[in-house]
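1. need the 3D shape of this:
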Amino acid sequence: PPYSYQEKPAFQYDWQSFRNELIMEWADWLTSQAETLAPKLPLLAALPDTVFEEDEAQYGVAHEQLAQAMDWNGVVTSVTPSHATYALEYPDQSVQYAFLRSLAPSKPVVDVEHGILTGETSPVDSWSAYVHAVVWDAAMSGLDASALPIPPDGVEVATVFTEPACLMGYAQACMDLNRLAPIVAAFQRQPADVAILWSRPSKIFNDGVPYLSSTKDAYDGCSFSGYKVRFITERQFTRRELAETKVLVVPETPSLHEDTFKTLQEYVFQGGAVVRIGTPIPYNERGYSRHDSIGTSGLTVHV
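-> Numbers count the residues shown, from 1 in each chain. Predicted structure coming up:
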């Protein structure tokens, strides 16, 4: 029922935090076993591309903790042109790579099942260019390595392997990226112009509504305008990792840890450039109302 204590923000935050602690204990144990059996191989956990889906916090993992525990960051994505506003279904693929790159900038990002679907509505003569563009967009968004999934026997799905033109586009993109690797790497290492505040409490609060859609829209708008964009977690924010970032974007964020709120307040009053929704971040991580609201300065822009 709607009055159930299990639906309260405080319960949801504590329960999901405890569940993630158990997941990380299991992941640490699994990592230790793998390192014993294969000490020279890098470890990664391939996560689904669901980080921006509502309710994901209830069944997903603490991405930042897992990213720190692994040698590489792994993900499984899919992209198709058949029902997209843009040809590349932007930014569904790019935002996943940018997010993982932000969690651990020094670690490679690998798409272990890069599901590039062609779609039956696309003209055959454009498939090669489409696949080529998908791979390039992925690399410029932070992807370091791509592996194509091979459909199981008996499963009919339009993938890169369906048409020779698609496979040619993929191979050509990979050859171009390897040939120009130093240039691509320089783009990836370039400090971000814009940082989007990533708040796990807001992802938990009300199942991530409206925080997740607002965060994805912020990435869409900033990156589409040509800016290098990263996400900055609350932990990174309190460690003052904004030094090289020109603008902080705060999406519609209902809930923040108290330490993050204080650091953000300090950042604003010290003249940090902030673009944010007018919502004053009214709750702490457990959904309790706070008695202060985020201030503004001459470098605060409300949208």
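2. the stretch 1-150 of the chain: strands as residue ranges?
-> Taking DSSP state E, counting those that start in this stretch, the strands of the stretch 1-150 of the chain run over residues 46-48, 73-76, 78-79, 109-111, 115-116, 145-146.
3. looking at the ones you listed, which is closest to His63?
-> strand 46-48 (7.1 Å; Cβ to Cβ). Every C-beta, even on glycine, is put in place using the N, C-alpha and C of the backbone.
4. as a markdown table, the strands of the stretch 1-150 of the chain with mean pLDDT, mean neighbour count and distance to Asp14 would be great.
-> Formatted as a markdown table, the strands of the stretch 1-150 of the chain follow (pLDDT from 0 to 100; neighbours: other Cβ atoms under 10 Å; distance: least, Cβ to Cβ, whole Å):
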| stretch | mean pLDDT | mean neighbour count | distance to Asp14 |
| --- | --- | --- | --- |
| strand 46-48 | 92 | 17 | 23 |
| strand 73-76 | 96 | 22 | 27 |
| strand 78-79 | 86 | 20 | 34 |
| strand 109-111 | 97 | 25 | 31 |
| strand 115-116 | 88 | 23 | 36 |
| strand 145-146 | 96 | 18 | 38 |
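5. any chance of the ones you listed in CSV, plus distance to Ala133?
-> Shown next, in CSV, are the strands of the stretch 1-150 of the chain (distance: least, Cβ to Cβ, whole Å):
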stretch, distance to Ala133
strand 46-48, 23
strand 73-76, 19
strand 78-79, 10
strand 109-111, 16
strand 115-116, 10
strand 145-146, 13
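6. relative to Thr263, which of the ones you listed is closest?
-> Closest among those, using Cβ to Cβ: strand 73-76, at 25.5 Å.
7. dump the residue contacts of Glu234.
-> Glu234 is in contact with Leu197, Trp198, Ser199, Arg200, Pro201, Leu256, His257, Asp259, Thr260, counting by Cβ atoms under 8 Å, 6 or more residues apart in numbering.
8. and for the most centrally placed residue in the chain, nearest residue in space, chain neighbours not counted?
-> Nearest to the mean C-alpha position of the chain, counting by Cα atoms, centre = their mean, stands Phe99 at 2.7 Å. Excluding the flanking residues, the one nearest Phe99 by Cβ to Cβ, 6 or more residues apart in numbering is Phe231, at 5.4 Å.
9. Leu212 too?
-> Counting by Cβ to Cβ, 6+ apart, the residue nearest Leu212 is Phe52, at 5.0 Å.
10. low-confidence ranges, the stretch 201-303 of the chain, go.
-> Across the stretch 201-303 of the chain, nothing is flagged by pLDDT under 70.
11. now swap in the stretch 51-200 of the chain and tell me
-> For the stretch 51-200 of the chain, the ranges with pLDDT under 70 are 82-85, 118-125, 155-158.
12. switch the cut-off to 80
-> Where the stretch 51-200 of the chain drops to pLDDT under 80, the residues are 81-89, 117-126, 151-159, 162.
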